[in-house]
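Participant: fold the following and give me the result.
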Amino acid sequence: MDYLSEAEELFEYTRMLRRDFHRYPELGFQEVRTAGIVALELSALGLEVSTGVAETGVVALIEGEKPGPAVLLRFDMDALPIVEQTGAEYASVNPGVMHACGHDGHMAIGLTVARLLHNHRGELTGTVKLVFQPAEEGLNGAEHMVAAGVLENPRPEACLALHLWNECPLGWVGVANGPTMAAAEIFEIRLTGKGGHGAIPSLAIDPVVAAAQVITALQSVASRNVSPLQAAVISVTVLRAGEAFNVIPPEATLQGTIRTFEPAVREIVLKRFAEIVRGVSQAMGCQVEIDSHILTPAVINDLQLATRVQSAAGELLPESTLATDFRTMGSDDMAYMMQDIPGCYFFLGSANPDKGLDATHHHPRFDFDERVLPRAAALMAASAARLLKKN
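Facilitator: Sure, this is the predicted structure:
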């Protein structure tokens, strides 16, 4: 089976879908038009399609010629609250909403994979479960889909997901052995001091100064409490305090994220995070409240599945650069599916600096080289087929 040639033949179809999704982006759990198009395309193949899964999710089944195991393929659907600045002819027409992470491409790839595998269902033993997931961007749509029963009826023995990756060029493939995306925590720190006049700080307890000290002290956790051979990130991304130039506010709020791969490292980081925030705040005379919770666990590839996807990439895309040690501190809620089912999450380089298509993910000018679309569809289809090949 030459999945790459077949995917290339479907390129116009894939690109048409991608540009349509890009032009009409929808935020998490609001993907009504998007899900409708996905369901329509899957139904046109005669597949069994379920809609409204975890609000706007779509699930379809491709039955192989003979009964056998099931493999789940996940494709995320949601866009981001970003004002697009690409100037592309297919730029978003929905004000303040943009596909700035590649999910428009993921859906187009998923629908192309559906066509490829449907055409070859006679060579499959088992079932392919196509999952088009809402709300990946911070709203844990995958967790909602798991709660809605997406891992049952049939229960998959393996799951696969992919991401177009603009940090690497077209022709690069990343399939890690083990951890590949970080666990993510969200935190909010509320510091309460005593407000006063900006010209008489001795009569106040300044939460802004305390917040600055907390931010600085937190940077020592990764550099001094975590081994240099391990990875951790603490990023304070929001600081809110005050309304006037001459008023010391009574309160300051910090928000941010913590990223780790390994449970032992996560435990150390969370412990030191709490100790530093409370200790520094107390030393500066402020009361403090900490609210933190996990957004998603780490994405950890099953070694056997990763090896099979690597093998498929080597045969299908022999000219590509294959990275088997790729990691990113980015996160993905696919981790919730991969907690219960062995899985492999892989990446395909999609940047082309010569065409100006190299803005990073979540950037207003994000766009990618569409030549990656058939490569990605072919690799996903070939990887799934390997797991369901007839004896």
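Participant: tell me which helix or strand residue 311 sits in.
Facilitator: Assigned by DSSP states H and E, residue 311 belongs to helix 303-316.
Participant: now the helices for the stretch 51-200 of the chain?
Facilitator: Counting by DSSP state H, counting those that start in this stretch, the segments of the stretch 51-200 of the chain that form helices are 103-119, 141-147.
Participant: of those helices, give the one that comes closest to residue 305.
Facilitator: Closest to residue 305 of these, according to Cβ to Cβ: helix 103-119, at 16.6 Å. Quick note: C-beta positions are derived from backbone N, CA and C, even for glycine.
Participant: centroid residue for this structure?
Facilitator: Centre of the chain computed as the mean C-alpha position; nearest residue by Cα atoms, centre = their mean is residue 332, 3.5 Å away.
Participant: flag the shaky bits of the protein, pLDDT-wise.
Facilitator: Scanning the chain for pLDDT under 70 picks out the ranges 390-391.
Participant: domain parsing for it?
Facilitator: 3-180+298-387, 183-296 (automatic domain parsing).
Participant: okay, these, which one's buried deepest?
Facilitator: For the domains of the chain, average neighbour numbers computed from mean count of other Cβ atoms under 10 Å are highest in domain 3-180+298-387, which has a mean of 20.
Participant: endpoint to endpoint, it covers what distance?
Facilitator: Taking Cα to Cα, to the nearest Å, domain 3-180+298-387 runs 15 Å from one end to the other.
Participant: can you show me the strands along the stretch 101-250 of the chain?
Facilitator: For the stretch 101-250 of the chain, the strands defined by DSSP state E, counting those that start in this stretch occupy 125-133, 158-169, 172-174, 179-181, 183-192, 196-197, 232-240, 247-248.
Participant: TSV for those strands, including distance to residue 292?
Facilitator: Output for the strands of the stretch 101-250 of the chain, formatted as TSV (distance: least, Cβ to Cβ, whole Å):
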stretch	distance to residue 292
strand 125-133	25
strand 158-169	26
strand 172-174	30
strand 179-181	19
strand 183-192	4
strand 196-197	30
strand 232-240	11
strand 247-248	27
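Participant: of all these, which one is nearest residue 89?
Facilitator: Comparing the strands of the stretch 101-250 of the chain by Cβ to Cβ, strand 158-169 comes nearest, at 19.5 Å.
Participant: packing partners for that closest one?
Facilitator: strand 66-76, helix 103-119, strand 172-174, helix 303-316, helix 335-340, strand 343-351, helix 372-387 (3 or more Cβ pairs under 8 Å, 6 or more residues apart in numbering; DSSP states H and E).
Participant: what angle do the second one and strand 66-76 make?
Facilitator: Orientation of helix 103-119 against strand 66-76 (axes from the mean of the first three to the mean of the last three Cα atoms, to 10 degrees) gives an angle of 170 degrees.
Participant: so what secondary structure elements neighbour helix 103-119?
Facilitator: On a contact count with 3+ Cβ pairs under 8 Å, 6+ apart, helix 103-119 meets helix 3-9, helix 11-23, helix 32-44, strand 57-63, strand 66-76, strand 125-133, strand 158-169, helix 372-387.
Participant: how about those, which one is nearest residue 90?
Facilitator: Short answer: helix 11-23, nearest of these by Cβ to Cβ, at 3.9 Å.
Participant: please save the CA atoms from that closest one in CSV.
Facilitator: The C-alpha trace of helix 11-23 is given here as CSV (Å, rounded to 0.1, in the frame of the first residue of the first chain):
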residue,chain,number,x,y,z
PHE,A,11,-4.0,16.8,-1.6
GLU,A,12,-6.6,19.2,-3.1
TYR,A,13,-9.3,17.7,-1.0
THR,A,14,-7.2,18.0,2.2
ARG,A,15,-6.1,21.6,1.4
MET,A,16,-9.6,22.6,0.7
LEU,A,17,-10.8,21.3,4.0
ARG,A,18,-7.9,22.8,5.9
ARG,A,19,-8.5,26.3,4.4
ASP,A,20,-12.2,26.1,5.1
PHE,A,21,-11.6,25.2,8.8
HIS,A,22,-9.0,28.0,9.0
ARG,A,23,-11.4,30.5,7.6
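Participant: check contacts around residue 361.
Facilitator: 100, 101, 102, 166, 167, 330 (Cβ atoms under 8 Å, 6 or more residues apart in numbering).
Participant: try it again with 10 Å
Facilitator: Listed by Cβ atoms under 10 Å, 6 or more residues apart in numbering, the contact partners of residue 361 are 80, 100-102, 163-167, 328, 330, 350, 368.
Participant: with residue 123 instead?
Facilitator: For residue 123, the contacting residues are 1, 64, 65, 117, 385, 388, 389, 390, by Cβ under 10 Å, 6+ apart.
Participant: residue 325 and residue 50, how far apart?
Facilitator: 38 Å (Cβ to Cβ, to the nearest Å).
Participant: same deal with residue 66?
Facilitator: Distance check for residue 66 against residue 50: by Cβ to Cβ, it reads 23 Å.
Participant: against which helices or strands is the helix holding residue 311 packed?
Facilitator: Other helices and strands packing on helix 303-316, by 3 or more Cβ pairs under 10 Å, 6 or more residues apart in numbering; DSSP states H and E, are helix 3-9, strand 158-169, strand 172-174, strand 321-323, strand 343-351, helix 372-387.
Participant: parallel or antiparallel, which strands does the second one pair with?
Facilitator: Sheet partners assigned to strand 158-169 using DSSP bridges are listed as strand 66-76 (parallel), strand 343-351 (parallel).
Participant: endpoints of stretch 241-261, how far apart?
Facilitator: 32 Å.
Participant: roughly how far is that stretch from the heart of the chain?
Facilitator: Here the centre of stretch 241-261 is set off from its chain's centre by 27 Å, with Cα atoms, centre = their mean, to the nearest Å.
Participant: and for stretch 107-116?
Facilitator: That offset, for stretch 107-116, works out to 19 Å (Cα atoms, centre = their mean).
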